[in-house]
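Novice: for reference, the sequence and a predicted model appear below.
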Amino acid sequence: MQFMRINKKFLLKLPLHIILLPFYIIKGIRNVLQYIFKSLKFSIRRKITLNYLSLYFITGMVTFIFMVGGYMNYELNLKSNKVYIYVDNIFDKYEADIYNYQEINNRINAIAEVENCGIEVTFLTEQENVISSERYNNFNYPDSILDRIGTLVSNKMYSSKMIIYYINPTTDIMDTATLKIIHPITLYYTKLTTLSIMLLTCIMFGFFFIWFFGGVNNKRILKPIYAMTKTAEKISITNMNERLDVSQAKYELRDLAITLNDMLNRLNVDYEKQKRFVSDVSHELRTPISIVNGYANMLKRWGKEDEAILDESIEAIIDEARNMQVLVENLLTLVRADNQSLKFNKEEFYMNELIEEVTIESQMINAKKQEIICDQCEQCEKIKVFLDIQMMKQILRIFVDNAVKYTPPAGRIYIKCFIEDNSCIIHIKDSGIGISKEDLPYIFDRFYRSDESRTRDTGGHGLGLSIAKAIILGHGGRIKVKSKKNEGTEFTIILPM
């Protein structure tokens, strides 16, 4: 019983599978071709050509099947309609009471002989209800779709069923009769063979046409890629100025070439920055290492005997070691920022209080005695933020220290904070030497200092603003700067609350 249930389910789904058979065949061919393409190493030009050929072949075969099948179906239906007309004419005579059943039977046999087919007429409302030709009795008429397909494939016989409407001369009532026709398809083999040869010839001609001209056309289309490949082979660390030619490329290839050139420009800029960065690090480390090395050699030769020289050397070595330690820590902070691994320990605090604290500390250690004013911080409302307080203190100290370094002793430094558009705004303004327009775009670059200040007298390594920018961006903030030569500089820090 279980086997019968499974078999029944299979038979129910079989018509659907037969309808989808062409799609299964196409899918199988595609999978086979994909496997062949993966196993064989073709150039991209040949792969594109083979894809075209595969698509053309599949389309051609489907077209061939539908055209041959459609032509055969058209011819067979045409013949069935012809037989239907003949039989319908017989029933017209029957309606006029000219033919009886015997005459109908004779006429149907005659039509079957002439048209080389089997005919059966079933009267649905009369007692003597079946008339069939001798040829029809040699076959079992297939009733289901599956049986009809099986008869077509195995017996090469085409079957069709039609309804004839007629007026019964005895009862004068509209009656119906079923007309079943079955005829061989071998009569159409000559036409089908001719049509198949013509179609296959056209398909093969198109196949070779696409093979030849498709390969030539693909080579022309892909020519810019070959040129890009040769140019890319020339690009190296020592030759970063080479660029792809976009004059010959079109459409997507042109967009690709422009994008790659933009990428190479960015890489070139980053590489130059990296070279300058390494050079600046070497420059910054060379001096303290030379000092440590000089004092160490002096101690080794004769400085151990002189306590004053010994104390001076130890103090200098400690200072330079501390200087190098600060430099290394700053570099590590920037590396973590580049790797997006800079960790922020956020907590709630009042930005006003932090600014006041930094202002007081800076005023206490300010040797140049400038006036550092926390403008309106005491009068404004409390500004509660959720940020990393230590990082915020670090960037405030960086900006205040810079202002102190480049502002003359009689100058003033203003610090102000307020809320605007749900953001915490911090202004730090000084009346110092200012920054020229030429230097302004580069002040956040690592180790960058303007010519007037790029001396060891001001201290530092030129990393402060780079670190401040990294911290501000890490918090999702922004930074703006305005400056005029000999008129001072104003930094605006915009932080989320």
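Specialist: Happy to help now that I have it. Residues are numbered from 1 along each chain as shown.

Novice: quick check: which ranges of this protein have low pLDDT?
Specialist: 1-14, 17, 33, 36-43, 126-128, 138-140, 303-305, 376-381, 449-461 (pLDDT under 70).

Novice: which stretches in the stretch 251-400 of the chain count as helices?
Specialist: Using DSSP state H, counting those that start in this stretch, the helices of the stretch 251-400 of the chain run over 251-301, 307-338, 351-365, 389-405.

Novice: swap in the stretch 51-200 of the chain?
Specialist: 101-115, 134-137, 145-150, 189-221.

Novice: of the ones you listed, which is nearest residue 169?
Specialist: helix 101-115 (11.7 Å; Cβ to Cβ). Heads up, the C-betas are built off the backbone N, CA and C, glycines and all.

Novice: and that closest one, what's buried?
Specialist: For helix 101-115, the neighbour count (16 or more other Cβ atoms under 10 Å) marks 104-105, 107-109, 111-112, 115 as buried.

Novice: then stretch 135-144?
Specialist: 135-136, 139, 141-142.

Novice: what of stretch 77-87?
Specialist: Under the neighbour-count criterion of 16+ other Cβ under 10 Å, stretch 77-87 has 79-80, 83-84, 86-87 buried.

Novice: residue 152: which of the residues you listed is nearest?
Specialist: Closest to residue 152, out of all of the buried residues of stretch 77-87 and judged by Cβ to Cβ, is residue 80, at 13.5 Å.

Novice: list the contacts of that closest one.
Specialist: The contact partners of residue 80, by Cβ atoms under 8 Å, 6 or more residues apart in numbering, come to 160, 162, 181, 183.

Novice: what's the most distant pair in these?
Specialist: 162 and 183, at 13.4 Å, using Cβ to Cβ across the contacts of residue 80.

Novice: looking at the two now, which is surrounded by more residues?
Specialist: residue 183 (23 against 15; other Cβ atoms under 10 Å).

Novice: which ones are touching the nearest residue to the more buried one once chain neighbours are set aside?
Specialist: In this structure, residue 183 finds its nearest non-sequential neighbour in residue 117, 3.3 Å apart by Cβ to Cβ, 6 or more residues apart in numbering. Residue 117 makes contacts with 79, 83, 135, 181-184, as judged by Cβ under 8 Å, 6+ apart.

Novice: again, 7 Å this time
Specialist: 83, 135, 181-183 (Cβ atoms under 7 Å, 6 or more residues apart in numbering).

Novice: how close does it get to residue 136?
Specialist: 8 Å (Cβ to Cβ, to the nearest Å).

Novice: residues that sit against both of those two, list them.
Specialist: Counting by Cβ under 7 Å, 6+ apart, the residues touching both residue 117 and residue 136 are residue 182.

Novice: how far away is the closest residue to residue 248 other than its chain neighbours from residue 250?
Specialist: Residue nearest to residue 248 in three dimensions, not counting chain neighbours: residue 224, with 5.0 Å by Cβ to Cβ, 6+ apart. Residue 224 is 8 Å from residue 250, where distance means Cβ to Cβ.

Novice: between the buried residues of stretch 77-87, which is nearest residue 22?
Specialist: Nearest to residue 22 among the buried residues of stretch 77-87 is residue 80, at 24.8 Å by Cβ to Cβ.

Novice: can you count the residues close to residue 392?
Specialist: By the criterion of other Cβ under 10 Å, residue 392 has 24 neighbours.

Novice: mind listing what it touches?
Specialist: residue 354.

Novice: returning to that earlier point: and the residue nearest to residue 183, how far from residue 340?
Specialist: Taken as Cβ to Cβ, the span from residue 117 to residue 340 is 82 Å.

Novice: same thing with residue 99?
Specialist: Residue 99 is 97 Å from residue 340, by Cβ to Cβ.

Novice: likewise for residue 174?
Specialist: Separation of residue 174 from residue 340 (Cβ to Cβ): 87 Å.

Novice: higher neighbour count, the two?
Specialist: Higher neighbour count among residue 174 and residue 340: residue 174, with 10 against 7, using other Cβ under 10 Å.

Novice: excluding residues flanking it in the chain, which one is nearest the more buried one?
Specialist: Nearest non-adjacent residue to residue 174 (Cβ to Cβ, 6+ apart): residue 167, at 5.9 Å.
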